[in-house]
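[1] I would like the atomic coordinates for the input below:
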Amino acid sequence: MEARSSAGIARDAVRGGGLLGLRQVFAQALNLAGYALLARLLGPAEIGVLGIVLFACGFLGTCGGAGLQASLIRLPDEPTPEEYRAVFTLQEAIMGAIALATIVAAPWLAGLYGRPSEEAWLFRMVGVTLVVTSFQAIPAAMLERRLDFGKVALVEVAQALAYNVVVVGLVWAGWGTASFGAALLARAAAGALLATLASPWPARPLWDWERARGFLRVGAPLQATALVGQLKDSITPIFIGLAAGASAVGYVQWAQTLATAPLWASMVLSRVYLPAFARVQREPATLARFVDGAVRAVHALVAPGSMLVLALAEPITRLVFGPQWIPALPIFRLLWLANLVVPTTTALLALLSALGDTRTTLRFALLWLGATWLFGVPLVLLAGEVGYALANVAVLGTNLLLVRVARERVELRLTSAMAPVWLWAAAVGAVAHVTARRFPCDGLGALGAYLAAGGLLYAVGLAALAPRELRQVWQWARGHA
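    Alright, predicted model coming up:
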């Protein structure tokens with residue numbers, strides 16, 4: 001009875017999170033469409049500036065958050081109004097200090113990357129955006145505590161819509177890189193406003209260090225892994241930007257966006273790994289079945305998009321983004337290899353976290369941080385942007401250690417979960433590639449037809465050759481893990 005009860009709770013978590021994930025796919029589709037339009041309207045240098053600004057906003061926001069929102073969500077009992085206010089006040093103090101430092105350092109940051117002095121306002125806008133974003137934290141935590149994923153998803157979709165409409169519209173109007181700051185502020189304002197409307201609360205300050213300190217003690221370690229992951233990715237905006245310039249950052253960011261676009265499909269499932277696995281952590285057989293099912297489902301989602309993007313990379317680049325991005329295709333092909341590994345990595349990290357082994361997840365994050373910089377710095381100096389892609393291939397190899405560690409905790413059959421879908425997706429991709437060479441895509445309509453036909457062929461073949469994988473995707477999406 002207890003096993004069935006815990007499994008049932010896990011399925012409820014999957015169902016709610018699955019709905020959130022499906023809506024997030026829509027939000028990511030908006031982001032990809034907006035990015036494609038920006039790539040056509042702007043050059044590599046401007047896209048590189050966008051990558052630098054997005055990294056600065058994300059990294060500083062993570063630092064300022066200090067894990068306080070996550071600590072509220074993890075609390076077993078509902079926090080008191082005083083606890084909410086104490087956490088809010090501490091977070092505003094931390095975020096305000098970081099925002100002030102960013103605004104003061106804005107001219108120096110612009111000069112560091114060799115950008116015009118007027119772009120200092122772009123970094124000042126990042127500082128303002130950080131403060132506005134912080135007002136979303138408490139109502140967002142309340143929504144997630146109530147498992148009100150529908151409202152969470154609506155807020156995130158609205159933010160994506162606000163950002164992309166503003167940034168594309170202002171770039172089209174000739175605002176240039178200033179569009180990025182205005183769009184980030186619009187996204188932050190939309191999130192703070194809608195989250196507060198969805199979960200109203202009295203946002204009054206209350207300085208209570210004793211109350212807030214307990215949340216900080218819990219939240220800071222939770223945030224450490226996220227910060228380490230962002231530091232790993234910082235080699236692009238920081239080292240490549242300083243060593244090779246904003247254009248190099250633009251090429252790498254574009255290649256990474258295209259290469260990892262199929263991984264967005266995995267967001268349908270990845271948001272719910274931790275709650276689902278955690279509910280059955282005391283039942284090894286059930287936990288193993290959940291992990292195998294998650295890996296099987298996520299690879300079934302990622303494989304077709306990955307292979308079709310690889311097979312049709314040249315016409316996708318030329319027709320969707322513009323011919324100015326063709327030189328970045330060698331970087332794309334190396335970064336594409338992440339599609340084979342990352343879906344499994346995400347599930348296994350969630351497994352370790354669900355088992356309470358957060359120290360091991362942090363060790364792996366530190367390993368990937370060190371390996372990225374250890375391989376990346378000399379390879380970038382030697383081979384430029386391609387060197388960064390080669391470094392990423394080397395780092396992917398360290399995931400074999402993660403698989404070994406996970407198998408020591410739970411008996412897993414990962415190869416049988418992954419192989420069928422990738423073999424069939426590769427066959428579909430080969431057919432698409434050969435056909436496109438014989439009958440080249442001459443427009444977006446033809447490209448869309450190739451992608452639709454490839455997706456349909458994959459789905460039909462999966463239903464015939466690997467029905468278990470197709471059934472697993474459907475079950476996870478419906479919350480029947």
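[2] Can you list the neighbours in contact with stretch 434-449?
    Contacts made with stretch 434-449 from outside it, assessed by Cβ atoms under 8 Å, 6 or more residues apart in numbering, are listed as Ala311, Leu312, Pro315, Ile316, Leu319, Val320, Tyr450. For the C-beta atoms, the positions are set from N, CA and C on the backbone; glycine is no exception.
[3] again with stretch 100-112
    When contacts are taken as Cβ under 8 Å, 6+ apart, the neighbours of stretch 100-112 outside the stretch itself are 56, 60, 116-117, 119-124, 126-128, 130, 242.
[4] Which of those fall in helices?
    Assignment to helices by DSSP state H places the following of these there: Ala56, Leu60, Ala120, Trp121, Leu122, Phe123, Arg124, Val126, Gly127, Val128, Leu130, Leu242.
[5] does the residue lying closest to the second one once chain neighbours are set aside sit in a helix, a strand or a coil?
    Of all residues not flanking Leu60 in the chain, Ile98 sits nearest, at 5.4 Å (Cβ to Cβ, 6 or more residues apart in numbering). Secondary structure of Ile98, reduced to three states by DSSP: H, G, I helix; E, B strand; the rest coil: helix.
[6] ok, Ile98 - how many residues close by?
    As a burial measure, Ile98 scores 19 neighbours (other Cβ atoms under 10 Å).
[7] What distance do you get for it to Pro202?
    Here Ile98 is placed at a distance of 25 Å from Pro202 (Cβ to Cβ, to the nearest Å).
[8] who does the helix or strand containing Thr345 touch, helix- and strand-wise?
    In this structure, Thr345 sits in helix 338-354 according to DSSP states H and E. With contacts defined as 3 or more Cβ pairs under 8 Å, 6 or more residues apart in numbering; DSSP states H and E, helix 338-354 has these neighbours: helix 246-260, helix 267-270, helix 273-279, helix 284-311, helix 358-383, helix 385-396, helix 399-409, helix 414-438.
[9] Any chance of TSV for these, columns mean neighbour count and mean pLDDT?
    Compiled in TSV, the helices and strands packed on helix 338-354 are given as follows (neighbours: other Cβ atoms under 10 Å; pLDDT from 0 to 100):
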stretch	mean neighbour count	mean pLDDT
helix 246-260	24	85
helix 267-270	23	65
helix 273-279	22	67
helix 284-311	24	85
helix 358-383	17	84
helix 385-396	21	89
helix 399-409	15	88
helix 414-438	17	89
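[10] and of the ones you listed, who's closest to Ala182?
    Ala182 sits nearest to helix 246-260 of all the helices and strands packed on helix 338-354, at 19.3 Å, using Cβ to Cβ.
[11] That closest one - contacts with which helices or strands?
    On the basis of 3+ Cβ pairs under 8 Å, 6+ apart, helix 246-260 makes packing contacts with helix 2-41, helix 44-65, helix 329-335, helix 338-354, helix 385-396.
[12] rerun that using 6 Å as the cut-off
    Using 3 or more Cβ pairs under 6 Å, 6 or more residues apart in numbering; DSSP states H and E as the contact test, the elements touching helix 246-260 are helix 44-65, helix 329-335, helix 385-396.
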